[in-house]
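Undergrad: Provide a 3D model corresponding to the input given below.
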Amino acid sequence: MTTFPRLSTTSIGRNKLAPRVWLEGLYLLHAGFAPTSRIQVEFSTRKVSIKLAPEGSRVVSSKKQGQIPVLDLNSSALVDTFGPIKILQVYITEGEIVLTPTHSEELRATRCRNGREGSCYSGGGLLTEAAKLAGYKPAFAIEIEQDYAQVYEENHPEAVLYNLSVENVPLDTIPPVEIITMGIPCEPYSNARRLEKITGAKRDRTLPPEAHPLSDLTIWAALLIRKLNPATVVIEEAPGYLNSGAGYMMCHFLERAGYTVEAAVLDPRDFGELSGRKRSVIVAHSGNGFAWPTPIACTRTLADVMDDPETVEREFFTAEDKPWLVNHWTKQTEKGNGFAPPQLTEDSTSIPTFKKRYFSQQGDGAVVKHKSKPNTWRWCTIQEVRRIHGIPETYKFHEAKTKTGEILGQGVIVSFFEKIISGTRNLGTVQTKTDRAELKNHEYSDNNSPSIQPTLTFA
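TA: Next up, the predicted model:
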């Protein structure tokens, strides 16, 4: 015998150009819906109730010589009740069957669209800045590192800040948002992967990236998405993320949750940016019409973003000033291992990635050659990197140069992600309207067929 209540799912199909729900099985018999039993069907908002009723106008049918009860609900009233929803929950108790949207379908149909953005693993808030420039209003941020959180707070004071590790965030207090942006920490998926961030031990490269202590942050990201149910999710990560186990699971999770998932590894230089920081980008949205930015050639040069020459003249150095550094360059060049620094000129149209330790003057960081003095160089300034990354002049950074370098080196190119996030605006309900119109176009009229009325018929 069936134990009640019993829950299952069914899909809304189509028969004779009208929507249809078909239920059959012994569980119907156990709930009292025996063949020839009379029933009453009631439609309300996102709910259909089927009850045993001695005076009901409908009769339960059957299959296999009367042994298996069948309920066949073939009615355009399903459109008015459920709209574009295709999968229903079937909740059965003795004498009553209730059809409602499944939990996932209900979430998909009620996703938040309030024009606000929330950020997880926020760093110094550069993804939020990109979303803000794209038209969203910052609502909250989750960032464990205190110095990064301080920079976020300085620039986005209107947002609620959770300076906590993600597992300690009280989810019930987070404000609803239309879009969540996430810069999931990339240490597990970086090509370098030299040291464990937590223990400082050398990485065992025989293990998968998911063995890293930070790999579970993908799971916490999924939990946050499921809880907040935004209309759009934008995730940026290291290029290796999409081909990792965590990357595949995140994409599958988003698809199962009912999002349309777009994923690609993108180089900003292919989209008109000066600097190239390749990233895995996932955009999960709830409508139609999203498109990646249009590829265009870069029309700027380093000269377009350089500081005033008189201001930076004192920043230049020679081999005599930094012999250890120039000797390092020479050795690395002789080895041919790629660690010698790129040397930029005013005419450079492609600038390498600025790493998070760039302003610690690492030996492989790009340098700018002096315009007239041979064998004379300098590093790019913070203001120049700001312009290269499309960060507004008003954006406030940390007072410590190395902390600012970390934020810039780990953050996104703002102007590039502004283009991506702008593509998520106004995707809203296009698919919903289309689906509803398609169903309506195939309905019968009240005067032509009784099938527009709630009916339960035999197969």
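Undergrad: Please list all residues in contact with the closest residue to residue 273 other than its chain neighbours.
TA: Sequence neighbours aside, residue 416 is the residue nearest to residue 273 in space, at 5.2 Å (criterion: Cβ to Cβ, 6 or more residues apart in numbering). Every C-beta, even on glycine, is put in place using the N, C-alpha and C of the backbone. Contacts for residue 416 (Cβ atoms under 8 Å, 6 or more residues apart in numbering) come out as 130, 266, 268, 271, 273, 293, 390.
Undergrad: helix, strand or coil for residue 416?
TA: The assignment at residue 416 comes out as helix when based on DSSP: H, G, I helix; E, B strand; the rest coil.
Undergrad: Distance-wise, check it relative to residue 276.
TA: Distance, residue 416 to residue 276, using Cβ to Cβ, to the nearest Å: 10 Å.
Undergrad: Give me the common contacts of those two.
TA: residue 268.
Undergrad: now for the contacts of residue 416, which pair is the farthest apart?
TA: Greatest spatial distance in those: 266 and 390, 14.8 Å, computed using Cβ to Cβ.
Undergrad: which element follows the strand or helix carrying residue 150 toward the C-terminus?
TA: Element membership for residue 150, per DSSP states H and E: helix 146-155. Of the helices and strands lying after helix 146-155 in sequence (DSSP H and E), the nearest is strand 160-162.
Undergrad: Who are the packing partners of the next helix or strand after that next one?
TA: Next in sequence after strand 160-162, counting helices and strands by DSSP H and E, comes strand 179-182. Applying 3 or more Cβ pairs under 8 Å, 6 or more residues apart in numbering; DSSP states H and E, one finds that strand 179-182 contacts strand 116-120, helix 126-133, helix 217-228, strand 232-237.
Undergrad: which stretch among these comes nearest residue 107?
TA: For residue 107, the closest of those is helix 217-228, at 8.1 Å, according to Cβ to Cβ.
Undergrad: how about the helices in the protein?
TA: 26-30, 77-82, 103-109, 126-133, 146-155, 217-228, 245-256, 309-312, 323-335, 382-388, 401-410, 414-422, 430-441 (DSSP state H).
Undergrad: quick one: contacts for residue 350?
TA: 269, 274, 275, 276, 298.
Undergrad: which of those lies closest to residue 341?
TA: residue 275 (14.7 Å).
Undergrad: What's the local residue count around that closest one?
TA: By other Cβ atoms under 10 Å, 22 other residues sit near residue 275.
Undergrad: Could you report the pLDDT at it?
TA: Per-residue pLDDT puts residue 275 at 92.
Undergrad: Please apply the same query to the one 5 residues further on.
TA: In this prediction, residue 280 carries a pLDDT score of 96.
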